[in-house]
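Engineer: Got a predicted model here, sequence first, then my questions.
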Amino acid sequence: MLTAARLGAAALSAALSSVLLTGLAAAPALADVPTPAIPEGLYGKGDPTYDGVWRQSLALTALAGAKVTPADSAVAWLTGQQCEDGGWPSYRAAGAACDAKFEDSNATAVAVQALIALGGHQDAVDKGVKWFKANQNADGSWAYNPGNPGDANSTALAISALLAARTDPAGVAKSGKSAYDGLALYQLGCAAPADQRGAFAYQPAPQGGALAPNSLATGQAALAAAGGHLPVATTVRSDAAPKALACTDAAATGPVSRLDSGEAVAAYVTAQLTSGGNHLTLTTPGAAPTPDYTATAWAALGLIQSGHPQQAADAVDWLTGQGATWTKNGTDAGATASLLLVTQAAHGDTAALTGQLTALGPTPKATTAPAPTTTSEPKHNDGIGQYWLIIVGLLVGIGGGFLLSLQRKRTPRP
C-alpha cells in the first residue's frame, strides 16, 4: 500500500516471492539490482520500484484536494505509466515494456482515483475501469497481480476506484459474482468471536483455514464498505455510534450482508481504536507489535465516510501527533500524502502538510490560496464612515450655531 507497508497489502507475483499477511513483503534479494534514478516529475526521493505509482497517485489526489495544480511533468509521469490494456504497474522504468502479469491492481486503483480528482483524463480512467472488469476473479475479487488469488485489500481498492469512476460495483461481476460478493468473502461475520465481527481478513488462512482480522485489510475495506473513495469529502454525520453486527442463529454461517457491512466494520474499528490507544497495530510474525500508521489512516477515512467522524477524531489527532515519525519529517511522499488526505477529510489545518508535500515534487503550476476570512468591514468602508462622522459633526455644529443665533435675537437687551 504505502512504501514498505504497501508491499504487504497484497500478494506479489511469484517473481516477488511470498508476502507476510500484515506487514512487509518477503521480497527477493535485490543486492545486484541497481536502484533506479528518480524520474522527473515523481514525488519523493526514495526507490520507486515498489511504490512509484502508488505514492504519485496519493500525492496528486491530496494536492488536488488542496487546490494545488501540479506540474505537467508530475501528471505526465503518472499517465505515462499506464499500460495499453489500461492497468498500471507498481513502477515502470522509462522505455520499459509493460508485462501484464506484473500489473498492479492497487496501483491501478489509486491512479484511477487520482486522475478523476485531477479531471480531464477520462480516456485513461475508462481504460482503467475496463482493466478491472477484465481482471476480476471468478469469485468477484481482485488480486494484487492478475491471475493470483484475490485478497481484501485489492478488492476494496478496486471497489473504491469503481465508485470514483461512477461505476456501480454491484454491476461489475464475473461468473455471477459481483465486486461486493468478492469483498464479502473476507469479512468476519457472526460465526467469528464477538470481538472480531465486522473485521476483514487479508486472505483466508492456507488449507481452508478460518479468517483472521488484519489491520490494513480492515482499514482499506472500511472505506470501500462505506461506499467511499479518495478523496473522502462526505458531509454525512450520524450522532449515533456505529452499529455492531446483530447476530442470530440463522445468520451464524452466512456472509455479512452488503447493507450491514459498512456499519459492522465501523463498529469493529471503533472498538479497536478505543482499546488500542487510538491507533491500529501491525503484527508481523517474529516481530513485536508496532503502531500501524497506514491502517489507522484508512480506518479513519472509513469512519468519516460512514458518517462517524466523531469516532475517527481521536485517531486523526493521534496520526497528527505522530506525523513527523510517520512521514519521516515530511520526506516520505506516500505517508505525507496519506496524512494530508486524512486531515482534509477531518477538516483540519492542512497548510503545513500541503507545503511539505509540494516540496517533494516539481514546482506546481498554480496554487489557489483560500480566501481570507475577517469579521471587520473593508478599509474603504471604514474611510467612508469617518467622512460621514465629519459631515455629521459639521452639520451639528452649524445647526447649533444657528439655534444659538436665533436665541440671542429673541432675547431682549437690557
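Structural biologist: Received, thanks. Residues are numbered from 1 along each chain as shown.

Engineer: Give me the most central residue, this structure.
Structural biologist: residue 230 (4.7 Å; CA atoms, centre = their mean).

Engineer: What is the neighbour count of the nearest residue in space to that one that is not next to it in sequence?
Structural biologist: Excluding the flanking residues, the one nearest residue 230 by CB to CB, 6 or more residues apart in numbering is residue 113, at 4.6 Å. C-beta: built from backbone N, CA, C; applies to glycine. Using other CB atoms under 10 Å, residue 113 is surrounded by 25 other residues.

Engineer: dump the residue contacts of residue 113.
Structural biologist: Residue 113 sits next to 57, 61, 160-161, 164, 229-230 when contact means CB atoms under 8 Å, 6 or more residues apart in numbering.

Engineer: nearest residue to residue 361 other than its sequence neighbours?
Structural biologist: Residue 361 sits nearest to residue 43 (CB to CB, 6+ apart), 3.9 Å away.

Engineer: so how far is residue 56 from the one you found?
Structural biologist: 6 Å (CB to CB, to the nearest Å).

Engineer: Look up the residues that both of these two are in contact with.
Structural biologist: Shared contacts of residue 43 and residue 56, counting by CB under 8 Å, 6+ apart, come down to 74, 333.

Engineer: These two: which has the busier surroundings?
Structural biologist: Applying other CB under 10 Å to residue 43 and residue 56 shows that residue 56 carries more neighbours, namely 32 against 29.

Engineer: Keeping just the C-alphas, turn the helix or strand containing that one into CSV.
Structural biologist: Element membership for residue 56 (DSSP states H and E) is helix 52-65. The C-alpha coordinates for helix 52-65 follow below in CSV (Å, rounded to 0.1, in the frame of the first residue of the first chain):
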residue,chain,number,x,y,z
GLY,A,52,6.2,4.8,-7.6
VAL,A,53,2.7,4.8,-9.0
TRP,A,54,1.1,4.5,-5.5
ARG,A,55,2.8,7.5,-3.9
GLN,A,56,2.4,9.6,-7.0
SER,A,57,-1.3,8.9,-7.1
LEU,A,58,-1.8,9.7,-3.5
ALA,A,59,0.2,12.9,-3.8
LEU,A,60,-1.7,14.1,-6.8
THR,A,61,-5.0,13.3,-5.1
ALA,A,62,-4.1,15.1,-1.9
LEU,A,63,-2.8,18.1,-3.8
ALA,A,64,-5.9,18.3,-5.9
GLY,A,65,-7.9,18.5,-2.7
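
Engineer: Now do that helix, average pLDDT.
Structural biologist: Taken as a whole, helix 52-65 carries a mean pLDDT of 98.

Engineer: And it, what does it pack against?
Structural biologist: helix 3-7, helix 72-80, helix 105-118, helix 333-345, helix 351-359 (3 or more CB pairs under 8 Å, 6 or more residues apart in numbering; DSSP states H and E).

Engineer: packing partners for the following helix or strand past it?
Structural biologist: Note on helix 52-65: by DSSP H and E, the next helix or strand toward the C-terminus is strand 68-69. Packing partners of strand 68-69 (3+ CB pairs under 8 Å, 6+ apart): strand 366-367.

Engineer: Sheet-wise, list the partners of the strand it packs on with their directions.
Structural biologist: strand 68-69 (antiparallel) (DSSP bridges).

Engineer: Identify the residues contacting the strand it pairs with?
Structural biologist: Under the criterion CB under 8 Å, 6+ apart, residues 354, 358, 364-368 lie in contact with strand 68-69.

Engineer: and if we set it to 10 Å?
Structural biologist: 59-60, 62-63, 75, 118, 354-355, 357-358, 361, 364-368 (CB atoms under 10 Å, 6 or more residues apart in numbering).

Engineer: repeat for stretch 355-373
Structural biologist: 40-45, 55-56, 58-60, 62-63, 66-75, 77, 323, 327, 329-337, 339-340, 350-351, 354.

Engineer: ranking the helices and strands packed on helix 52-65 by mean pLDDT, which is last?
Structural biologist: Among these, helix 3-7 scores lowest, at a mean of 44.
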